[in-house]
Every structure is written in C-alpha cells, then in structure tokens.
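[1] Have a look at this fold, sequence not included:
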Ligand code: SF4
C-alpha cells in the first residue's frame with residue numbers, strides 16, 4: 001500500500017508518525033473471529049455489555065466527573081461497569097476523560113494496545129473529542145481529538161460532561177455492543193408505608 005502522508009489523512013505530522021510507529025501503515029487490526037456462532041455471540045455480547053471493566057485512567061478535569069459517576073449518587077455499579085481496573089490487561093473499556101497532550105499520546109496508545117480484544121473507547125469531554133478549549137491556533141501540544149490516535153466508539157460532549165452524561169454514553173455503548181438498549185427498566189422502590 002502506498003504510504004500516506006500527513007496531508008492525505010488530515011493529521012498533523014506528529015500524530016501521523018506516532019500512528020505509523022505503533023500500528024504500521026495499512027495494517028488491519030480487528031479481523032474478527034475465525035468461527036462465528038450467532039446465538040453464542042449474542043449471549044456473549046449481552047454479557048459483555050453488562051459487565052464492562054473500565055480502566056482507572058484519568059487525564060484532566062473530566063476525570064473528576066468520571067470518579068463521581070462511580071460514587072454513591074450516580075453509582076454506575078448498578079449497570080455492571082464499576083470494576084475500574086488498575087491494569088490495562090484487565091480492561092475492556094477505556095474512558096478518555098480529559099486533555100490528551102502530545103507527551104501523553106504514546107502512553108495512551110500503549111495502554112490501548114495492552115487491552116485485550118474485544119475493547120471499546122469512550123471519548124469523554126470536549127478535550128478528548130476535539131481538543132476542546134485548547135483547539136486554538138496557538139496550541140502546540142494538545143492532540144485535537146483522541147480519535148486521531150485510537151478508534152472511538154462513543155463521544156460524550158461537554159466541558160465537563162456531568163456524570164449523567166457519562167451514564168448516557170455508557171448506555172449508548174451497551175446498545176452498540178449488544179444491539180439492544182440496556183438496562184431494562186429498574187424496579188422502582190416500593191412506596192414507604194405511612195409516607196405522606
Ligand atoms: S473538556 Fe473541559 S472539563 Fe474536560 S478536560 Fe477539557 S477543559 Fe477539563
């Protein structure tokens with residue numbers, strides 16, 4: 001395959017070179033399984049969607065909202081995604097929560113490569129999506145969108161997005177994985193006796 005230049009792909013020279021170094025040029029990554037069993041695949045996807053293991057990985061202010069999503073008020077544990085793992089090798093979800101600068105980019109790509117397949121990525125916040133407030137002419141150090149480095153499945157806009165927005169992103173990802181909207185409606189708490 002003909003070697004693409006930075007101009008062809010719309011990426012800046014730094015990002016282009018980084019991608020070539022980590023992934024190679026024209027290399028296919030997700031070729032899918034050799035054997036495909038539809039029913040087993042469906043059940044597997046259902047299980048995967050409801051037991052996502054995110055990486056303990058925060059880059060800037062958006063990470064505070066991500067932490068809040070795991071705490072009691074929002075409690076993402078209700079939807080099977082509370083097991084934040086300290087090792088990339090145990091994760092299947094990377095939530096890119098914050099500004100990705102050029103110094104961090106190789107580390108981020110290494111972590112993504114260390115995650116086993118199947119794996120998913122949520123770009124949380126405007127910085128991760130497009131550089132956010134740093135997408136200005138004077139910027140020399142911020143990557144303008146993490147999707148120039150790794151594939152992104154769901155984008156959660158905001159500066160920062162509230163925990164509810166991250167939950168919406170999580171539901172969207174679950175829908176993308178399993179093909180149906182999860183979770184099922186939760187059983188409401190029974191009314192308290194003698195409550196006015
Ligand atoms: S999007 Fe806003 S809140 Fe999130 S990391 Fe960037 S500047 Fe901070």
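    Looks like it came in fine. None of the values given here were measured: they were computed from a predicted structure.
[2] which ones are touching the closest residue to residue 166 other than its chain neighbours?
    Nearest-residue entry for residue 166: residue 69, 4.8 Å, with adjacent residues in sequence omitted and distances by CB to CB, 6 or more residues apart in numbering. To be clear about C-beta, it is placed using only N, CA and C from the backbone, and glycine gets the same treatment. If a contact means CB atoms under 8 Å, 6 or more residues apart in numbering, then residue 69 has 76, 163, 166, 167 as its contacts.
[3] In terms of helices and strands, where is residue 69?
    Take DSSP states H and E as the rule and residue 69 turns out to sit in helix 62-70.
[4] Can you list the buried residues in that helix?
    Neighbour counts over helix 62-70 (16 or more other CB atoms under 10 Å) mark 62, 63, 65, 66, 68, 69, 70 as buried.
[5] Close to the ligand as well: tell me which of those residues qualify.
    The subset of the buried residues of helix 62-70 lying close to the ligand, counting by CB under 6 Å from any ligand atom, consists of residue 62.
[6] For the buried residues of helix 62-70, work out which two are farthest apart.
    Spanning the widest gap among the buried residues of helix 62-70 are 62 and 70, at 13.6 Å by CB to CB.
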